[in-house]
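S.K.: Next input, structure requested:
(one chain, ligands or ions: 2)
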Amino acid sequence: MEAILLAIGDELTSGQTLETNSAWLAQQLAKRGIWVRGHRTVRDDRADIAAALAEAADAAELVLVTGGLGPTADDLTRQGLAQAMGAELVTDDDSLRQIEDFFARRNRPMNEGNRIQAMLPESAEVLPNPIGTAPGIAARVGGSLVLVMPGVPREMRKMFQEQIAPRLANGEKVILFSSVHLAGIGESDAGGILADLMCRSGDVIVGTTASGGTVSARITARGSSLAQAQQRIEQVAGQIRDRLGSKVFGEGEATLASAVGDLLTRRGQSVSTAESCTGGLVAKLLTDVPGSSGYFRGSVVAYDNQVKQRLLGVASGDLEAHGAVSQAVAAAMARGARSSLGTDWALSTTGIAGPGGGSGEKPVGLVYLAVAWEGGTQVFEHRYPGDRETMRLRTALGALDHLRRRLLGPQEARDA
Ligand code: AMP
Ligand code: MG
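M.R.: Ligands and ions are numbered 1, 2, ... in the order given. Reported below is the predicted structural model:
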């Protein structure tokens, strides 16, 4: 079975309210093996709603609609539905009584406008709403089942769970999603390596996304059972891991920081950070992970040169000769954190976050990252494009990835 989702409301088309109902519904349908072909947002206009319903019903057997069932003149979904069905609106006596009771229980007078909430197209069926005044509607447009729910997310979710989900015969297929997260590779390079896996048909679909500084390969698999869908996901995830090797840092909920945490935990080792341009962001990402107190000791945010000298022991000669954004200072910061915070590993960041402060020799986006450990110190130079926020996030993630590769072994560290 395939579905199309329609969200109705001027507040949605105008961008004043973020449309979240379809995202939630799409996930619910996937769990039940129903493939979502598309989402559409439509303004509060009877003719537009009728046209969108007719088009959606042409394209999919199931159309889920939210919003536009309120009591006011701008809520026109039931009128649009009647138009698409070529039916009249009639009053449903039970619904009217329930709406009257709803107001009586709250000791409030019922508004005339609320009467329209008891109306629905002839031949349509009421979906009771136990927590609001707007009942939902089940109807047929062409050969498709159209289910209309209130727009208020809480009411929509309750109506879906209690009344719609039980009607949706579990599709004979199960749909599962998974994602494989990558570091140290751009989205287009990853897309090139995975191109032949990204064909858009069949029971497995692979795509890439870049979000929050992380590139991921997304896998969607259908199967006739949970086990079969899982097996299809695992087979493709295995191919992705084989092709991308240590660029894969985790799957699902994993983050770069949690991947680093797992490696440190396995070794029983600790880490600290010395941060200039990231201002503590590496420490923040590390401590976002529950249980990070097991391996993370602390951070020195050494923004000023005097702090770099006093708390991290960076030599004034290095600062004078090379400047704060330099290989020598990055290395000294990491070594300083390692010894003053007493950890097995330390990471440092120093760079020009912009928008000002760049020069021909040291442009905005130039960063030095260092990893220090018992056996040595390694410094990496990067040019991270983007605005200040993007540059700082990339720097922090880059630092974590260099540590991760070092923890994996010298070979992986060289491949970085
Ligand atoms: P309605 O049922 O159209 O009267 O919608 C009632 C309220 O629910 C709106 O004012 C929005 O705040 C909210 N709402 C409606 N549709 C959505 C949606 N698709 N996503 C998030 N909120 C919504
Ligand atoms: Mg509305």
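S.K.: Kindly provide the distance from Ile8 to Val126.
M.R.: 18 Å (CB to CB, to the nearest Å). Placement of C-beta: from N, CA and C, glycine included.
S.K.: quick one: which of the two has more around it?
M.R.: Of the pair Ile8 and Val126, Ile8 is the one with more neighbours under other CB atoms under 10 Å, namely 28 against 16.
S.K.: which residues touch the more buried one?
M.R.: Ile8 makes contact with 41-44, 49, 65-68, 76-77, 80, 151, according to CB atoms under 8 Å, 6 or more residues apart in numbering.
S.K.: Kindly export stretch 83-97 (C-alpha atoms) in CSV.
M.R.: Taking C-alpha atoms only, stretch 83-97 is exported to CSV below (Å, rounded to 0.1, in the frame of the first residue of the first chain):
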residue,chain,number,x,y,z
GLN,A,83,-16.3,19.0,-3.3
ALA,A,84,-13.7,16.3,-4.2
MET,A,85,-16.3,13.6,-3.5
GLY,A,86,-19.1,15.5,-5.3
ALA,A,87,-21.2,15.2,-2.1
GLU,A,88,-23.2,17.4,0.1
LEU,A,89,-22.3,18.2,3.7
VAL,A,90,-24.8,16.8,6.2
THR,A,91,-25.0,17.0,10.0
ASP,A,92,-24.1,13.9,12.0
ASP,A,93,-26.4,13.9,15.0
ASP,A,94,-24.1,11.8,17.2
SER,A,95,-21.2,14.1,16.6
LEU,A,96,-23.4,17.2,17.3
ARG,A,97,-24.4,15.7,20.6
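S.K.: Which residues outside it are in contact with it?
M.R.: So stretch 83-97 is in contact with 46-47, 49-51, 53-54, 57, 78-79, 82, 115, 117-124, 126, 128, 135, 139-141, going by CB under 8 Å, 6+ apart.
S.K.: Can you select the buried ones from these in ChimeraX?
M.R.: Applied in ChimeraX, the following selects the buried portion of the contacts of stretch 83-97 according to 16 or more other CB atoms under 10 Å:
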select :46,49,50,53,54,57,78,79,82,117,118,119,120,121,124,126,135,139,141
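S.K.: Where does the prediction get shaky in the protein?
M.R.: Along the chain, the parts satisfying pLDDT under 70 run over 169-172, 200-201, 414-416.
S.K.: For the residue most central in space within it, give the beta-bridge partners.
M.R.: The C-alpha lying nearest the average C-alpha coordinate of the chain belongs to Ser211 (CA atoms, centre = their mean; 7.5 Å). Beta-bridge pairing of Ser211 under DSSP bridges involves Thr214.
S.K.: if I look at it, how far off is Tyr384?
M.R.: Distance from Ser211 to Tyr384, counting by CB to CB: 17 Å.
S.K.: where along the stretch 51-200 of the chain do the strands fall?
M.R.: 62-66, 89-91, 119-121, 125-127, 136-141, 144-149, 174-182 (DSSP state E, counting those that start in this stretch).
S.K.: which non-adjacent residue is nearest the residue in the chain positioned nearest to ligand 1?
M.R.: Minimum separation of the chain from ligand 1 (CB to the nearest ligand atom) falls at Gly151, amounting to 2.6 Å. Spatial nearest neighbour of Gly151, excluding adjacent residues (CB to CB, 6 or more residues apart in numbering): Gly67 at 3.1 Å.
S.K.: quick check, nearest of the contacts of Ile8 to Arg167?
M.R.: The closest of these to Arg167 turns out to be Val65 (CB to CB; 14.8 Å).
S.K.: Count residues in the vicinity of that closest one, would you?
M.R.: 29.
S.K.: Asn305 touches Ser326, doesn't it?
M.R.: No - Asn305 is beyond contact range of Ser326, at 11.8 Å (criterion: CB atoms under 8 Å).
S.K.: for Lys247, what are its contacts?
M.R.: Lys247 sits in contact with 182-185, 190, where contact means CB under 8 Å, 6+ apart.
S.K.: Over to Pro71?
M.R.: By CB under 8 Å, 6+ apart, the neighbours of Pro71 are 111, 113-114, 116-117, 133-134.
S.K.: do that again at 6 Å, thanks
M.R.: When contacts are counted by CB atoms under 6 Å, 6 or more residues apart in numbering, Pro71 touches 113-114, 117.
S.K.: Give the full set of residues in contact with the nearest residue to Trp35 once chain neighbours are set aside.
M.R.: Nearest-residue entry for Trp35: Glu2, 4.9 Å, with adjacent residues in sequence omitted and distances by CB to CB, 6+ apart. Going by CB under 6 Å, 6+ apart, Glu2 touches 35, 37, 60.
S.K.: Next up, phi/psi of Glu2, please.
M.R.: The phi and psi torsions at Glu2 (degrees, to the nearest 10) take the values phi -120, psi 150.
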